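Have a look; sequence and predicted model below, questions after that.
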Amino acid sequence: MEVTRIENVTRTFQVGKTETRALRGVNLSIESGEFTALVGPSGSGKTTLLQLIGCLDQPTSGKVWINGKDVSRLNRDQRADMRRGTIGFVFQFFALIPTLNAYENIELPLLLVGKSQAERQERVNFLLDAVELTDRANHRPDQLSGGQQQRVAIARALSTNPSLILADEPTANLDTPNGKQIMDTMTRLNQETGVTFVFATHDPRVIQYARRVITLRDGLIIDTTEAEKIPAGD
């Protein structure tokens, strides 16, 4: 089943008299259960593409479909509703709320969608176990390592049982062992839950985990490589 489809999408930014064409006619389809990397140099358009798929932005032209719905021209509130129920996000800088502990950070999206206390407790405890942080449930972000914070962020992204997780440079602020643990965790959750993961990265150690690699340059997709053709990492 198709989770997202991008049809001839462009995105142009205007700053003063300067016009930047971040995307220049992108076509892409992502199926349910994929574990896909968007790669390319800075300025290639991969983060812009993630933002469009995540309903954080709108295309200048073209269409973006999420679970069969055209989200290209939704207003801000409608895009927020789509994000809340369908899409989870994992950010480079974790984006945890510093005054909340791990349990509360994971629970917050469930509060926002009106889940009962019993439903929240069951889901949060399941996710804490899934990311191997049950013993850190009462720790605030400043009491956790970078890798632990990112695992909390992954659990939070999965809390509302979305069909799609978008991760922007999820290992960029982690050392090699923690980066490997994050990618191992994301891979395992993809396999166990079937949720689709799409992540943007520069890191060749991360790219080797992908089952499909989509390469962008100057706002265009220039190559798509399937897993069996992806060179192994070092």
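Now that the structure is in, tell me what you want to look at.

Would you tell me which helix is longest in the chain?
Longest helix in the chain, counting residues (DSSP state H): helix 176-193.

Could you check that one and say which residues are buried?
The neighbour-count check on helix 176-193 (16 or more other CB atoms under 10 Å) flags 178, 179, 180, 181, 182, 183, 185, 186, 189, 190 as buried. Bear in mind the C-beta positions are built from the backbone N, C-alpha and C, glycine included.

how about the strands in this structure?
Under the criterion DSSP state E, the chain contains strands at 2-15, 18-31, 35-39, 61-66, 69-70, 87-90, 164-168, 196-201, 212-217, 220-226.

For those strands, could you give me CSV that also reports mean pLDDT?
Formatted as CSV, the strands of the chain follow (pLDDT from 0 to 100):
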stretch, mean pLDDT
strand 2-15, 93
strand 18-31, 93
strand 35-39, 95
strand 61-66, 95
strand 69-70, 91
strand 87-90, 91
strand 164-168, 93
strand 196-201, 94
strand 212-217, 95
strand 220-226, 91
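
who wins for proximity to residue 152 among the ones you listed?
Nearest of the strands of the chain to residue 152, taken as CB to CB: strand 87-90 at 10.2 Å.

quick one: low-confidence ranges for the chain?
227-234 (pLDDT under 70).

Taking the centroid of the chain, which residue is nearest it?
The centroid of the chain falls nearest to residue 166 when counting by CA atoms, centre = their mean (1.3 Å).

Please name the bridge partners of that residue.
For residue 166, the beta-bridge partners are residue 89, residue 198 (DSSP bridges).

Run through who's touching stretch 73-87.
Under the criterion CB atoms under 8 Å, 6 or more residues apart in numbering, residues 53-56, 58, 66-67, 69, 71, 89, 109, 112-113, 160, 162-166 lie in contact with stretch 73-87.

quick one: residue 119 from residue 87, how far?
Note on residue 119: its distance to residue 87, by CB to CB, to the nearest Å, is 20 Å.

who's more crowded, the two?
residue 87 (25 against 12; other CB atoms under 10 Å).

Quick one: neighbours of the residue nearest to residue 92 when sequence neighbours are not counted, just the number.
Distances taken as CB to CB, 6 or more residues apart in numbering place residue 169 nearest to residue 92, at 4.2 Å, with adjacent residues excluded. Residues near residue 169, counting by other CB under 10 Å, number 19.

okay but residue 169 is in contact with residue 179, surely?
No: using CB atoms under 8 Å, residue 169 is not in contact with residue 179; the gap is 10.5 Å.

Please identify every residue contacting each of the two.
residue 203.

picking that back up, quick one: the buried residues of helix 176-193 as TSV, columns for distance to residue 216 too.
Conversion of the buried residues of helix 176-193 to TSV gives the following (distance: CB to CB, whole Å):
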residue	distance to residue 216
178	26
179	22
180	25
181	27
182	22
183	20
185	26
186	21
189	25
190	22
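
Farthest pair within the residues you listed?
So, the buried residues of helix 176-193 by CB to CB: farthest apart are 178 and 190, at 18.7 Å.

So how do I select the buried members of the contacts of stretch 73-87 in ChimeraX?
Filtering these down to the buried ones (16+ other CB under 10 Å) takes a single ChimeraX command:
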select :53,54,55,58,66,67,71,89,109,160,162,163,164,165,166
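
and the closest residue in space to residue 41 that isn't next to it in sequence, bridged to which residues?
Excluding the flanking residues, the one nearest residue 41 by CB to CB, 6+ apart is residue 217, at 7.0 Å. Per DSSP bridges, the residues bridged to residue 217 are residue 220.
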